[in-house]
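Q: I'd like to go over a predicted model; first the sequence, then the structure.
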Amino acid sequence: MEAPDRPDDHLDAELWLLLGHGVHDSPVARLLRRVFAEQFGPRFAAVHTFQLLLGVSGGRLTLHDLAGRAVRPPRVACVRLPVTTLTNDREITLLRHLQAMGTEVLNPIEAVLACANKFWQLQQLALAGLPVPDTRTYTDARLDEALAAGVPEPCVVKSVRGQGGSRVFLAPDAALLADLQGSLRPDVPYLFQRYVRHSHGRDLRVIVVDGRAVAAAVRTSADGGLKSNVALGGAVDPCPGRYPEGEELAVRAAKEIGLVIAGVDLLFEADGTFTVCEVNANVSWGERMPEVAPALVAACAARLARPSGS
């Protein structure tokens with residue numbers, strides 16, 4: 001496998017853009033590298049997870065680069081990690097290490113974990129009283145047994161892990177879903193959710209930074225299908241301020257999950273209200289949402305401006 005381009009060498013920078021495997025050359029990563037470098041200069045470094053070695057020496061946590069040189073942890077780390085391959089043994093271990101050494105991680109570990117599992121976030125949102133789709137899932141029951149116990153009809157089926165609309169489809173009834181079950185990968189459970197018909201093929205994406213809705217857009221599927229993800233060809237109609245109730249709900253959802261930076265996807269209900277579809281910790285955006293990068297710069301600058309250790 002060809003190694004990605006080497007990032008900046010000055011790992012002792014105060015601000016890191018910490019990039020996981022597979023996201024180093026994404027459009028968002030390239031944009032943030034440019035704007036952070038322009039804004040923060042030598043105080044900033046783009047760092048790949050593969051560059052770092054973790055340790056314990058003399059009862060203290062240590063951090064080194066691949067040449068064995070000691071690395072001072074940054075004050076702030078803005079994290080871009082691939083959600084679908086996130087593991088406790090790799091990326092989460094690194095975030096725990098940095099956080100324990102005093103780094104303010106954006107987003108916090110527990111929030112990232114909640115977003116990595118679509119049912120974990122539903123648990124938190126429901127307990128907080130926020131509207132979410134009626135959902136069933138299972139632990140280690142056989143899939144046919146879970147289906148036989150009853151699912152919504154029609155039923156939106158989602159893997160508890162997925163990104164960009166992958167492993168999501170609409171089953172018109174339980175019988176068809178039972179026929180398809182042999183095609184579903186058994187590595188993780190699935191969610192069976194109420195189909196919000198009024199929102200078919202569209203949703204409201206709100207990007208929240210530091211408790212404020214900084215961008216919003218209606219996303220619409222390209223082919224009339226269920227999924228409106230831009231990665232699948234969906235159209236984007238920026239609409240900041242058009243749906244204030246939706247933006248307020250998105251801010252509440254991000255707060256309940258514990259995210260500093262969040263992409264919140266809302267479904268349109270027939271009565272004019274919204275339901276939270278899901279909350280994303282590794283949110284992406286395009287050039288039609290120019291407000292997002294400056295908001296991230298401001299969030300990082302505010303944290304760097306605080307006295308060390310505060």
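A: Received it, and whenever you're ready, just let me know what you need. Residues are numbered from 1 along each chain as shown.
Q: so what's Val236 bridging to?
A: Arg219 (DSSP bridges).
Q: quick one: it and Ser221 touch, right?
A: No. Using CB atoms under 8 Å, Val236 makes no contact with Ser221, being 11.5 Å away. For every residue, glycine as well, the C-beta is placed using N, CA and C.
Q: and the lowest-mean-pLDDT helix or strand in the chain, C-alpha only, in PDB?
A: Across the helices and strands of the chain, mean pLDDT, DSSP states H and E gives its lowest value to helix 174-180, namely a mean of 83. C-alpha atoms of helix 174-180 as PDB (Å, rounded to 0.1, in the frame of the first residue of the first chain):
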ATOM      1  CA  ALA A 174     -41.100  -7.500   6.600                       C
ATOM      2  CA  ALA A 175     -41.500 -10.300   4.100                       C
ATOM      3  CA  LEU A 176     -39.100  -8.700   1.600                       C
ATOM      4  CA  LEU A 177     -36.700  -7.900   4.400                       C
ATOM      5  CA  ALA A 178     -36.800 -11.600   5.400                       C
ATOM      6  CA  ASP A 179     -35.900 -12.600   1.900                       C
ATOM      7  CA  LEU A 180     -33.000 -10.200   1.800                       C
END
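Q: for that helix, packing partners?
A: Packing contacts for helix 174-180, counted by 3 or more CB pairs under 8 Å, 6 or more residues apart in numbering; DSSP states H and E, involve helix 143-148, strand 155-159.
Q: show me where pLDDT drops low in the stretch 201-310 of the chain?
A: 309-310 (pLDDT under 70).
Q: what ranges do the helices span in it?
A: For the stretch 201-310 of the chain, the helices defined by DSSP state H, counting those that start in this stretch occupy 244-257, 292-304.
Q: and what of the stretch 1-150 of the chain?
A: 27-40, 93-100, 109-116, 118-127, 143-148.
Q: show me what counts as buried in the second one.
A: Residues Leu94, Leu95, His97, Leu98 are the ones in helix 93-100 that count as buried (16 or more other CB atoms under 10 Å).
Q: skipping adjacent residues, who's closest to the third one in space?
A: Which is His97. Leu54 (4.9 Å; CB to CB, 6 or more residues apart in numbering).
Q: kindly report the same for Val151.
A: Phe192 (4.0 Å).
Q: contacts only, for that neighbour.
A: Phe192 makes contact with Thr135, Arg136, Thr137, Ala146, Leu147, Val151, Pro152, Cys155, Val156, Val157, Leu177, according to CB atoms under 8 Å, 6 or more residues apart in numbering.
Q: sorry, back to before: from Leu94, how far out is the residue nearest to His97?
A: The gap separating Leu54 from Leu94 is 7 Å, by CB to CB, to the nearest Å.
Q: for Trp16, same thing?
A: According to CB to CB, Trp16 and Leu94 sit 11 Å apart.
Q: pLDDT weak spots in the stretch 1-150 of the chain?
A: 1-9.
Q: hang on, the earlier thing: and the helices of the stretch 1-150 of the chain as a markdown table, adding distance to His48?
A: A markdown table is the format used below for the helices of the stretch 1-150 of the chain (distance: least, CB to CB, whole Å):
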| stretch | distance to His48 |
| --- | --- |
| helix 27-40 | 10 |
| helix 93-100 | 11 |
| helix 109-116 | 17 |
| helix 118-127 | 27 |
| helix 143-148 | 37 |
